[in-house]
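Trainee: Just a sequence and a predicted model for now, questions to come.
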Amino acid sequence: MIYYKIKCKYTLEEEKDEKRLKRLWEDINNDYVFGEHAMKLYIYENKDQVFSALLAFSMKDNTLSSVKKYILNDLVSSHELIKSVSFVGTPEELTVEKAIGLVYKGMRSGYGRGAKRNAADYCNAVYAHDKDVQFEEHVLPHAHLTYSEAIDEAHSIFADDSLYEELERIYSPLNKHKFYGNPVHYKINAVSRETAKRILNLLTKALYSNQRLLSTRVTYVTDTDYDSFDSDLNNLCSNSYASIVAIECDDKNSDSDGYARGLEKECETIRETVNEYAAQTMFVLVDLGSKVCKQVVQQLIHKNEMNFIEMYEGKGDKKTGKDYLASLLKENKVPYAKADFVLPEQKDYTVSDIVAVYKDIKKNSIKNSIYKAYKEAKTIDVDAPKSLSSSYDKLQSMVGLTEIKTIIDQIISAQKINKLRRNMGLDVTGTAKHMIFTGNPGSAKTTVARLLASILYDEHVLESNKFIECGRQDLVGKYVGWTAKLVEEQFRRAKGGILFIDEAYSLVEKDGLYGDEAINTIVQMMENYRDDVIVIFAGYPDKMKRFLEKNEGLRSRIAFHIDFPDYNGEELCDILKLMTKDKGYTLDEEAEEKCRGIFEIACKNAKFGNGRFVRNVLEQAIIKQSSRIVSEYSGDKVDKEVISLLSASDFDINAAETYKSPKVAIGF
């Protein structure tokens, strides 16, 4: 349907009767549908014998002129209170959201006595109410754009040759100027949504000016991240006759449902819906670099269902770049100083180059062009944070862990070589990066995994630094059918980052089949998400061995097996010094020697907690030190050196008594 806001002036057959007149508007709003013509009139405001209304009708069998004529005749002939009706001003086309808003406005004013259904139903746009499809809409002015104006606008938005070629076809005298359907649809390749919309708006104005569209409403679908989006996408497309529906394809949406193969399901739904409405709705697939878009287009073309014209972002010279920058600043009403209107010196400029300059000007616009006294003011300046350095250096500073440090260096080196190969046009083979961490409690498995997520993100091995930690309770369901969904949910959450499965052996240690189902689903998801998620399994060495033996497919997908050995007494002492420094404390020589002795004894016990034991020792020592200082300096001033120093007596603590019994020898 198409929606217009209209105003009509009317005269009455008899003296004005407010109650009777209001009942007339209510009757029209509740029942006034023009039969087979599929037209609706909803009056939402009435003042000085001029009513404002929403006019909604199908463009399939009607034009605005025919509908206006029908309304004028029918209102007079069917409603004896009305003597005459005439339109005031020019009807204004509306988005679905604004149309629904007018219906609600009429309801609040008492003109929709029971709209028995909600406003979205009334407007034949249930998808706007359910929100199972996320979309943006706008209506462009109903103005005729000449070919020369279209070329000028294409020039101003850095158009690629592909857009110029399509404009020439759209304005060709060989075409008939009437809507008969869509000979082609479009695929726009862009680096950002904003750039895609500029190309899209120009296409819409050109097509409308040549009667290839009957509406300038542009519906831009931004997200289909819901289980039931297929029915709502269908409703949206059926409600967009002779107008444009753009679908932004983004891989983040492809794994949002309860199915094991979300990408395939999303592609299938989009393909089927687009193909069904291709004759009546103009479709534009916006590719921001996604597998979904490529797969949908390939399927549609392969099955000879639709024809696509492909368009790209363009580039231009310095003059064109400045024109584009000026249009961005003007369009967004950004004030700027003349001195800031500078492009970097280079041969050609892409859209991304210009947008970067625009964002920089916008950031400083108020300071540089309005409150000019602050232009030269010295503000706080800090060195840019180096996330790679902080994570990487923190790992390097950790005690021991030689093997994991070497492996991370190897992964980073491989990524750098792959980047060089891509730049040289050589093939790049993806390698598995899944890992298994084995070690006793407190051996830094979780800490290293967290740092690894950050390091690999900084080195562009991962798309994000997401770190999702889960255990058996997050992966195994209570009832049949729950487990697979729980497992897939964890992979969706971790997409682009690391999924850390702690105590993974627990999946096979308890009774029931659900643990086996979880493992089998994990193997399947590791394949489905092989380019998007790195899985790290963690647990005790002996128990993890049995876990791997449970599923051969699991073992074959793990690229790195890293063992985290127990720390010796000297290493535990080094860990203590690092923890102490991080907390703002220092150790005297006697305290350090005492702790070394404590750790030498503790690490001989089969159940000691490695780094966790060190943390417990330090925390109890800090509590003991606090009590000592309060007792020794009661009422006196305590200086910084005293309050920061941990002495040997502070380590006379319960934690030190825990592991005095030696390890029990294990063997034959």
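Mentor: Done, it's in. Worth saying up front: this structure is predicted, and the values here are computed from it rather than measured.
Trainee: Around Ser627, count how many other residues there are.
Mentor: Per other CB atoms under 10 Å, the neighbour tally for Ser627 reads 10. Yep, even glycine has a C-beta here, placed from its N, CA and C like the rest.
Trainee: Might you list the low-confidence residue ranges for the stretch 201-350 of the chain?
Mentor: Low-confidence segments of the stretch 201-350 of the chain, defined by pLDDT under 70: 224-230, 250-266, 289-304.
Trainee: cutoff 90 now
Mentor: 222-235, 238, 247-276, 285-308, 310-350 (pLDDT under 90).
Trainee: All the helices of it, residue numbers only.
Mentor: Secondary structure of the stretch 201-350 of the chain by DSSP state H, counting those that start in this stretch: the helices cover 229-238, 262-277, 291-302, 318-331.
Trainee: check contacts around Leu145.
Mentor: When the contact criterion is CB atoms under 8 Å, 6 or more residues apart in numbering, the partners of Leu145 are 153, 205-206, 208-209.
Trainee: Ile370 now?
Mentor: Per CB under 8 Å, 6+ apart, neighbours of Ile370: Pro335.
Trainee: what's the distance between it and Ala337?
Mentor: The span separating Ile370 from Ala337 equals 9 Å under the rule CB to CB, to the nearest Å.
Trainee: my hunch is that Gly515 is in a strand, does that hold up?
Mentor: No - with DSSP: H, G, I helix; E, B strand; the rest coil as the criterion, Gly515 is assigned helix and is not in a strand.
Trainee: On the secondary structure side, give me the element for the closest residue to it other than its chain neighbours.
Mentor: Once its chain neighbours are removed from consideration, Gly515 has its nearest residue in Leu507; the separation is 4.3 Å (CB to CB, 6 or more residues apart in numbering). Element membership of Leu507, judged by DSSP states H and E, is helix 506-509.
Trainee: Now tell me what touches that helix from outside.
Mentor: Everything outside helix 506-509 that qualifies as a contact, by CB under 8 Å, 6+ apart, is 471-472, 475-476, 515-516, 518-519, 539, 543, 546-547, 550.
Trainee: Select only the buried ones of the residues you listed in PyMOL?
Mentor: Those of the contacts of helix 506-509 that meet the burial criterion (16 or more other CB atoms under 10 Å) are gathered into one PyMOL selection, given here:
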select buried, resi 472+475+476+515+518+519+539+547
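Trainee: Out of the contacts of helix 506-509, list just those in helices.
Mentor: Of the positions in the contacts of helix 506-509, 472, 475, 515-516, 518-519, 543, 546-547 sit in helices, assigned by DSSP state H.
Trainee: Show me the shaky parts of the stretch 401-550 of the chain.
Mentor: When the per-residue scores of the stretch 401-550 of the chain are filtered using pLDDT under 90, the ranges that remain are 401-435, 438-486, 488-490, 492-497, 502-521, 523-524, 526-532, 539-550.
Trainee: repeat for the stretch 1-150 of the chain
Mentor: Applying pLDDT under 90 to the stretch 1-150 of the chain flags the ranges 1, 10-43, 46-49, 58-84, 103-135.
Trainee: What pairs with the lengthiest strand in the chain, parallel or antiparallel?
Mentor: When secondary structure is assigned using DSSP state E, the longest strand within the chain turns out to be strand 2-12. Paired with strand 2-12 in the same sheet, following DSSP bridges, are strand 50-57 (antiparallel), strand 82-87 (antiparallel), strand 92-93 (antiparallel).
Trainee: Save the ones you listed as CSV, and put in distance to Val184 and mean neighbour count too.
Mentor: CSV is the format used below for the strands paired with strand 2-12 (distance: least, CB to CB, whole Å; neighbours: other CB atoms under 10 Å):
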stretch, distance to Val184, mean neighbour count
strand 50-57, 27, 22
strand 82-87, 36, 14
strand 92-93, 24, 17
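Trainee: out of those, nearest to Lys69?
Mentor: For those, proximity to Lys69 was assessed by CB to CB; strand 82-87 is nearest, at 10.1 Å.
Trainee: how about the strands in the stretch 151-300 of the chain?
Mentor: Using DSSP state E, counting those that start in this stretch, the strands found in the stretch 151-300 of the chain span residues 185-189, 217-223, 244-249, 282-287.
Trainee: beta partners for Gln134?
Mentor: According to DSSP bridges, the residues that bridge with Gln134 are Asp223.
Trainee: Please work out how many residues are found near it.
Mentor: 15.
Trainee: just Val88 next, same as before
Mentor: Residue neighbour count, defined by other CB under 10 Å, stands at 12 for Val88.
Trainee: Just give the nearest non-adjacent residue to it, would you?
Mentor: Sequence neighbours aside, Lys7 is the residue nearest to Val88 in space, at 4.2 Å (criterion: CB to CB, 6+ apart).
Trainee: Against Ile575, how distant is the one you found?
Mentor: Applying CB to CB, one obtains 78 Å for the distance of Lys7 from Ile575.
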